[in-house]
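Participant: Let's see this in three dimensions:
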Amino acid sequence: MAAILLLAIVAAVAVLAPVVVALIVIPLAVVLRAADIAQPSFGDRPAGSAAADVVRVFGRPAALAKSAGVTLALVPYGLILGLPVTLLLTVLLTNMELVNALSWGSAVALWTVCAGPGVEGPGRQLRRTLASLLPERTAATVATAVLAGLALVMAVLVVGTVTGSGKAEFAPIGVEQITGQLDSLRKKAGGPE
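Facilitator: Numbers count the residues shown, from 1 in each chain. The predicted structure follows:
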């Protein structure tokens, strides 16, 4: 449950700051996927040492290369799912800030690449790592409760991007040209001038 909540929090933050989150999450997903790929080569070890697998994998360049290749191969899949989200929000939610529609599409694309349908490695390794770091039931329960509270706060902030009270931040890159094209699409679809 903690892994699911952590993924939900990251997805929410990705709506608010897609570029910064992508710069952090994509390399992390590559490492988690590589650790999952390298699991058979780690051999028998104590159950509590799974957290160190994300460090051990740096000694397995083949697993890292394969993971990076898989991540790169998932980018078109992410774009296929993220682009329609951006376009639909642009056309259907005419009061939504265009930068927010773009951020939702970006967040969907990022989620797809890192944890979306058919992507199991990073999530599986994240669950192993969390179980290793929080072996006691009480600690795991407290961590899950804290993550649930944080997920609730993030959900409120993300809803603000739809209702207009929040705005996504694409720094350090500018997206004015893209939002300009989305604006012309919105106008062609009959949205507000």
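Participant: Going by C-alpha atoms from here, please, whenever you check contacts or count neighbours.
Facilitator: OK.
Participant: and the gap between I80 and V113?
Facilitator: With distances taken as C-alpha to C-alpha, to the nearest Å, I80 is found 11 Å from V113.
Participant: neighbour-wise, which of those two wins?
Facilitator: V113 (24 against 15; other C-alpha atoms under 10 Å).
Participant: now G105: how far from L134?
Facilitator: The gap separating G105 from L134 is 33 Å, by C-alpha to C-alpha.
Participant: Which one's more surrounded, the two?
Facilitator: G105 (27 against 17).
Participant: Helix, strand or coil: sort out that one for me.
Facilitator: Here G105 is helix, with the state taken from DSSP: H, G, I helix; E, B strand; the rest coil.
Participant: residues contacting it?
Facilitator: Counting by C-alpha atoms under 8 Å, 6 or more residues apart in numbering, G105 touches 81-86.
Participant: The most centrally placed residue in the chain: what's it in contact with?
Facilitator: Taking C-alpha atoms, centre = their mean, the centroid of the chain lies closest to W111, which sits 3.8 Å from it. By C-alpha under 8 Å, 6+ apart, the contact set of W111 is 11, 78.
Participant: Which helix or which strand is home to it?
Facilitator: Assessed by DSSP states H and E, W111 sits inside helix 98-115.
Participant: Work out the gap between that helix and the centre of the chain.
Facilitator: Centroid separation for helix 98-115 versus its chain: 8 Å, with C-alpha atoms, centre = their mean, to the nearest Å.
Participant: CA atoms only: put it into PDB for me.
Facilitator: Taking C-alpha atoms only, helix 98-115 is exported to PDB below (Å, rounded to 0.1, in the frame of the first residue of the first chain):
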ATOM      1  CA  LEU A  98      -3.500  25.500 -20.900                       C
ATOM      2  CA  VAL A  99      -0.200  25.000 -19.000                       C
ATOM      3  CA  ASN A 100      -2.200  22.800 -16.600                       C
ATOM      4  CA  ALA A 101      -3.700  20.700 -19.400                       C
ATOM      5  CA  LEU A 102      -0.200  20.300 -20.700                       C
ATOM      6  CA  SER A 103       1.100  19.300 -17.300                       C
ATOM      7  CA  TRP A 104      -1.600  16.700 -16.900                       C
ATOM      8  CA  GLY A 105      -0.600  15.100 -20.200                       C
ATOM      9  CA  SER A 106       3.000  15.200 -19.200                       C
ATOM     10  CA  ALA A 107       2.300  13.600 -15.900                       C
ATOM     11  CA  VAL A 108       0.300  10.800 -17.600                       C
ATOM     12  CA  ALA A 109       3.200  10.200 -20.000                       C
ATOM     13  CA  LEU A 110       5.700  10.200 -17.200                       C
ATOM     14  CA  TRP A 111       3.600   7.800 -15.100                       C
ATOM     15  CA  THR A 112       3.200   5.500 -18.200                       C
ATOM     16  CA  VAL A 113       6.900   5.300 -18.700                       C
ATOM     17  CA  CYS A 114       7.700   4.700 -15.100                       C
ATOM     18  CA  ALA A 115       4.800   2.700 -13.700                       C
END
